[in-house]
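In: Structure of the sequence below:
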Amino acid sequence: MRQRDGDGRTTGVTGSSEHVGDSTDGTEAEGGTGVPFDPDATGVIPRLSVPATPAPDAAADVADGDDDGDDEAETGTLPAIRLPATLHIGTPPKAPEETENPKEPKGSQKPKALKESKAAKEPKGAKGPGADDAASAEDDDAAGTVPTKVAAAPAASLTVDAPPTPAKAPAETPATTPAKAPTATPAETPATTPAKTSAKAPAAAKPAATKPASAKQDPAKAKGLGERLRRLGRSAPMWLPALLTVEGLIMYVLALRVAPGPLRGVNPADINGLGLIAALPASAFAAILIMLVSFFVTVAQSTDRKFLLLFQIAVITFALHGAGSLVASEPRFPTAYIHAGFVDFIGRTGETAINIDARMGWPGYFALFAFVTKAAGISDMTTILQWTPLLTNLLYLLPFVLILRQVVATTRARWYAALLFVLVQWIGQDYFSPQGFTFALYLAFVAILLRWFGRVEPRTKPIAPKGLRKLLGRLDAMTPGEIANTGTFRADRLLMLLMLLALFFAATASHQITPFMMLGVVTAFLIFKRTKLTWALPFFLGLAVLAWISYETVGFWAGQIDAIFGGLGRILTNLQRNTGDRIAGSDPAHALVLQARLGILVVILALAATGLLRRLRRGVVDRAALILLCVPVLALGLQSYGGEIGLRIYMFALPGACLLAAYAFFPNLPADSADVREETVPMRKRNVRFNPELTRKLSVVLAACFAVVFAGAFLIARYGNEKFERVTTGEVAAMHYIYAHDKPSAKVLYLTAKEGPEVTPTLPWGEKDIELVNFNGQALVYQDPTNIAKAVATLKASPRNTYLAVSTGQIAYLQLNEGFPADWGARFRAALDASPDVKRVYANKDAALYTWKKFVKGTEIPEPLPYIGRGDPTSPWTPVGLAALALTWVTLFGYEVIRLNGPNRAVKARRRLLWVAIPAFAVAVGVIIERFIYIASNT
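Out: Numbering: from 1, shown residues only. Next up is the predicted model:
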């Protein structure tokens, strides 16, 4: 295999394909290992450097069995000529028909080019030893034999930097012609003289007898087949990973989609407290292992195969995040159906109704899909709901890979971070939801900040002699972990600034938490000097968030100020509700699922800390990764977010955590050479305790082992709730029965073991007619399935057309989280069937609906509550606040645009804009505060 020497030329050394670029003293070797050349020890003949120009003839490709001529065309040298590694310097044994040249010393051997030069000097038809030598050289070229004067040994490489001399191949030259030594020296033949040989070989050179044609062709065919097989084996690292990936993908799809049987298929009845992993066949696990192995085979190579690596990660994403979609008969996760109901409502009415659901106060995501589905004529969103989790995770990869391209890391570290991002993203917020959509916007926002507005400047100030300032100064003087981008055009930066604002506005109008994460990242980048933007931008964005909450969601917060601000500062309480309260499961298998989730969190954070320390030991500080990891943690001080703020923090911290965790295995910087795909050794010599090549291989193996463990843990953590998160066809059919009988209104009671506003239905609710059907009713049940008194009383106290829904999802939730017995569902339904107060109006194997058995005379179905589109309460200073908002945004945006030209451009104009923006900003914030106080006190 050819390698690059220190001057960038291609050497003809054959052997290992391992990169030789590291030395144990912490420096990069330029052309090899530094060991003196020893032909007797290595069997390698060094390159003879002779200035030359490439010749059009490619006959020398016969020497190495390759006719592509790629390296020869690049370097202007002849391909490697394989000669025996052992040269007899004394008098070798004489071949039977060998003639010696008395002018040459015994045992001398001349390169093939010298033979051709001698042949070129001899006139046509010349007699004597010179003519015989030329003919013999031609015979050697035609037959591909090795001169008999050299003893047989393993072939080594010899390349001569001289062009091949065109020569006519002799007619009918047999393959058994003995070789003869050349009789001329290189000085006797000019380099530009074309070689002319006689078309007719001397009679003495012909063999006495010829073998049949078949006997001559069989060895050639065998040799050609063997050579092709050897080439195929040598090129296995190029095609084998792709083949394994496709094979694993096909194997995985078949394992999940075929009918259940031995080692194949998924039987939903096998899903237990561990979730989907209990029902997966062994062939599915084997397919995932094949995909992971193919990925690490590609990563371990010394080439950056971007498209193949991205394809492999996409396939692994499909296998892990698409498992639920492949197995489920209906879109999984009940909450996705209510989001489809929001889309349906906006598409039908063209309005939002925050009094129906608080999430309608952030309708950007729902309005977008309402427009798309209506424009495309889509009336059934089943397919969209089913495949959104997979498509969302594939969408996450694009901005995250762009983020990875902006850090100073090796190829292995970057792609391993991308793989970790797929393996530990078990949160499940990727379903049809605003959170899943805005997380993609968040990743794109961060990618634009790093790519077009990143700032990496060396420290010029002297380090303080002592104290905390000395420590901070030393950290600031370290090598930055981000890539400095230079040469971007002002028009590009302006376009990307507009894109930043668009992403932020879309997130602000779609989700409650995501814009605060974006704002925190921008502010932290400014504090730690990792962006070229100014402080005008965070003030601009912060005012946009406050304005949206104050003016557009007033129907939500007007009567419940405590729900918004009640959790401020309660860090320990919020932490307890997001950790300890979630582990309190009664089913032992399901408790293992909850513990596995926390285990993944602990391991990924431990790896991130290890990676950070290993980078610091190498003099590298990764500020951007630390910011992405730490900023989301600040959300603990806001509110519990219904007990789910911990899940959101983990989700937003994943980009930084995965990047730092990858440094735990591959912490080194890229090699300072033309080939930046390889790693350097640690900077200081005292850190080199082991062979760098060995530790590099061990790092790959260790990273692969962690990846396999994470993949198994992902299947437990992600699909551990599958017993009640999967939606069956019977449950959907029961909801459709309600939609068909919800005129003028209807109400649904769902089962719960504890009443409270944070308990949501575990059934596919709200897909249609969200303004007609009320799903806020709760029916309290007990572990004793015969105790139905409370549920029946709640049903009787509700208006007519109220349905008590009993479904397999609700029963599974009560069994796994509340300790209800295994046969509770069947016995509870039997008790309701036997009750004289209720009657069953719909039933299948997965769900049943019960309503009143006897109605009170004169009772009618009530009209639905009217939804409020606009007409929210206001305050006296609201018009002034709107004017101040507009003025502040215009001036701050103008300041930022002018600043794109440079820090010293139009200083006076920017100062005037600030004099206008600061008082306008104060007025706008004052009016927002006034609205909170006035409206809350008068509602």
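
In: Only C-alpha atoms from now on, for both contacts and neighbour counts.
Out: Noted.

In: For the stretch 751-900 of the chain, which residues score under the pLDDT cut-off?
Out: Within the stretch 751-900 of the chain, the segments meeting pLDDT under 70 span 856-858, 868-871.

In: That one: strands as residue ranges?
Out: 773-780, 802-807, 838-843, 847-852 (DSSP state E, counting those that start in this stretch).

In: Where do the strands of the stretch 601-750 of the chain begin and end?
Out: With DSSP E, counting those that start in this stretch, the ranges of strands along the stretch 601-750 of the chain come out as 620-621, 746-752.

In: looking at those strands, which one has the lowest mean pLDDT?
Out: Note on the strands of the stretch 601-750 of the chain: strand 620-621 shows the lowest mean pLDDT, a mean of 91.

In: Identify the residues contacting it?
Out: Strand 620-621 is contacted by residues L475, M478, T479, P480, G481, L612, R615 when judged by CA atoms under 8 Å, 6 or more residues apart in numbering.

In: Inside helices: which ones of these?
Out: Counting by DSSP state H, the contacts of strand 620-621 place L475, L612, R615 in helices.

In: Any stretches of the stretch 551-700 of the chain with poor pLDDT?
Out: In the predicted model, the stretch 551-700 of the chain carries pLDDT under 70 at residues 559-586, 637-643, 672-690.

In: 90 instead, please
Out: Under the criterion pLDDT under 90, the flagged ranges of the stretch 551-700 of the chain are 552-592, 594-595, 618-619, 633-648, 668-697.

In: Got a PyMOL select line for the buried ones in the contacts of strand 620-621?
Out: Applied in PyMOL, the following selects the buried portion of the contacts of strand 620-621 according to 16 or more other CA atoms under 10 Å:
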select buried, resi 475+478+479+480+481+612+615
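
In: can you redo the contacts of strand 620-621 as a markdown table with distance to L404?
Out: Converted to a markdown table, the contacts of strand 620-621 look like this (distance: CA to CA, whole Å):
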| residue | distance to L404 |
| --- | --- |
| L475 | 22 |
| M478 | 20 |
| T479 | 17 |
| P480 | 14 |
| G481 | 11 |
| L612 | 16 |
| R615 | 16 |
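
In: Out of the contacts of strand 620-621, which is nearest to A847?
Out: Nearest to A847 among these is L612, at 51.8 Å by CA to CA.

In: what's the spacing between the closest one and N668?
Out: Counting by CA to CA, to the nearest Å, the gap from L612 to N668 is 12 Å.

In: same thing with P268?
Out: Look at P268 and N668: by CA to CA, they are 46 Å apart.

In: The two: which is more packed in?
Out: Between P268 and N668, counted using other CA atoms under 10 Å, the more crowded position is N668 (23 against 18).

In: Can you pull the phi/psi pair for that one?
Out: phi -80, psi 160 (degrees, to the nearest 10).

In: Would you confirm that it contacts A409?
Out: Yes - counting by CA atoms under 8 Å, A409 is a contact partner of N668 at 7.0 Å.

In: now A418, nearest residue through space, not along the chain?
Out: The shortest distance from A418 to any non-neighbouring residue, by CA to CA, 6 or more residues apart in numbering, is to V401 (6.9 Å).

In: so after the particular helix or strand that has that neighbour in it, what's the next helix or strand?
Out: In this assignment (DSSP states H and E), V401 forms part of helix 382-404. Scanning forward in sequence from helix 382-404 by DSSP H and E, the next helix or strand is helix 411-423.

In: quick check: angle from that following helix to helix 382-404?
Out: Helix 411-423 runs at 150 degrees relative to helix 382-404, counting by axes from the mean of the first three to the mean of the last three CA atoms, to 10 degrees.

In: Packing partners of helix 411-423?
Out: Judged by 3 or more CA pairs under 8 Å, 6 or more residues apart in numbering; DSSP states H and E, helix 411-423 is in contact with helix 282-300, helix 306-321, helix 382-404, helix 645-663, helix 692-718.

In: Kindly recompute the last result at 6 Å.
Out: Using 3 or more CA pairs under 6 Å, 6 or more residues apart in numbering; DSSP states H and E, the elements in contact with helix 411-423 are helix 645-663.

In: Can you list the helices and strands that the helix it packs on packs against?
Out: Helix 645-663 is packed against helix 411-423, helix 588-617, helix 623-630, with contacts defined by 3+ CA pairs under 6 Å, 6+ apart.

In: May I have the predicted confidence score for the residue nearest to A418?
Out: The model reports V401 with a pLDDT of 94.

In: What about it, how many residues nearby?
Out: V401 has 17 neighbouring residues, counting by other CA under 10 Å.

In: Same check on P903?
Out: Neighbourhood size, P903 [other CA under 10 Å]: 11.

In: cool, I928 as well?
Out: Quick note: I928 (other CA under 10 Å) scores 22 neighbours.

In: For the closest residue to A558 other than its chain neighbours, pull up the helix or strand it's in.
Out: Leaving aside its chain neighbours, A558 sits nearest to A936 (5.2 Å; criterion: CA to CA, 6+ apart). Taking DSSP H and E as the criterion, A936 maps to helix 907-937.

In: ok, I918 - contacts?
Out: If you count contacts by CA atoms under 6 Å, 6 or more residues apart in numbering, I918 has none.

In: Against G377, how distant is it?
Out: For I918, the distance to G377 equals 48 Å [CA to CA].

In: got it, and V407?
Out: Computed with CA to CA, the distance linking V407 and G377 is 44 Å.

In: repeat for I928
Out: Taken as CA to CA, the span from I928 to G377 is 41 Å.

In: Let me have the ones in helices among the contacts of strand 620-621 in JSON lines, adding distance to L795 as columns.
Out: Listed next are the ones in helices among the contacts of strand 620-621 as JSON lines, based on distance: CA to CA, whole Å:
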{"residue": "L475", "distance to L795": "66"}
{"residue": "L612", "distance to L795": "58"}
{"residue": "R615", "distance to L795": "63"}
